[in-house]
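Q: what's the 3D shape of this:
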Amino acid sequence: MIGDSGGLGSTILNSFTQKAFQQVQKDDTNRSGGLDLSEIQKKSDETGSGKDLIDNFDSIDTDQSGELSATELIAFRAKSTEGREE
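A: Sure, this is the predicted structure:
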């Protein structure tokens, strides 16, 4: 069932992806399409979360654009949760 296009895994992934894109859109104050370090720092100062994004910004920014896209954030989150489901 996991490989099914209508399975629970697909639904969870779609929901996670949609949330990531919505979060980037919400926090992208300069409307550039991605989150630069100052936008992430501002959000971190407000919420107390996101330090891992600040600490790993350069390695997450795989296209070296100076901004994190939703796709880069999703890849980072997926990589950082690998092995935790044991």
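Q: Keeping just the C-alphas, turn stretch 57-65 into PDB.
A: Output of stretch 57-65 as PDB, limited to C-alpha atoms (Å, rounded to 0.1, in the frame of the first residue of the first chain):
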ATOM      1  CA  PHE A  57      22.400  27.400   5.700                       C
ATOM      2  CA  ASP A  58      25.300  27.000   3.300                       C
ATOM      3  CA  SER A  59      24.900  23.200   3.000                       C
ATOM      4  CA  ILE A  60      21.100  23.400   2.700                       C
ATOM      5  CA  ASP A  61      21.400  26.000  -0.100                       C
ATOM      6  CA  THR A  62      22.500  23.400  -2.700                       C
ATOM      7  CA  ASP A  63      22.100  25.800  -5.600                       C
ATOM      8  CA  GLN A  64      24.100  28.500  -3.900                       C
ATOM      9  CA  SER A  65      21.400  31.100  -4.600                       C
END
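Q: what comes into contact with it?
A: 34, 37, 40, 53, 67-69, 72-73, 75-76 (C-beta atoms under 8 Å, 6 or more residues apart in numbering). For glycine as for every other residue, the C-beta is placed from the backbone atoms N, C-alpha and C.
Q: so where do the helices sit in the chain?
A: 8-27, 37-47, 51-55, 57-60, 70-81 (DSSP state H).
Q: Next, the buried residues of the shortest one.
A: Within helix 57-60, the residues that qualify as buried by neighbour count (16 or more other C-beta atoms under 10 Å) are 57, 60.
Q: Can you find the helix or strand of this structure with the lowest average pLDDT?
A: Least confident helix or strand of the chain, by mean pLDDT, DSSP states H and E, is helix 8-27 with a mean of 85.
Q: got the angle for that helix vs helix 70-81?
A: 120 degrees (axes from the mean of the first three to the mean of the last three C-alpha atoms, to 10 degrees).
Q: Tell me what angle helix 8-27 forms with helix 37-47.
A: If you take the same axes, to 10 degrees, helix 8-27 sits at 100 degrees to helix 37-47.
Q: Can you tell me which helices and strands helix 8-27 packs against?
A: Packed against helix 8-27 by the contact rule (3 or more C-beta pairs under 8 Å, 6 or more residues apart in numbering; DSSP states H and E) you find helix 37-47, helix 70-81.
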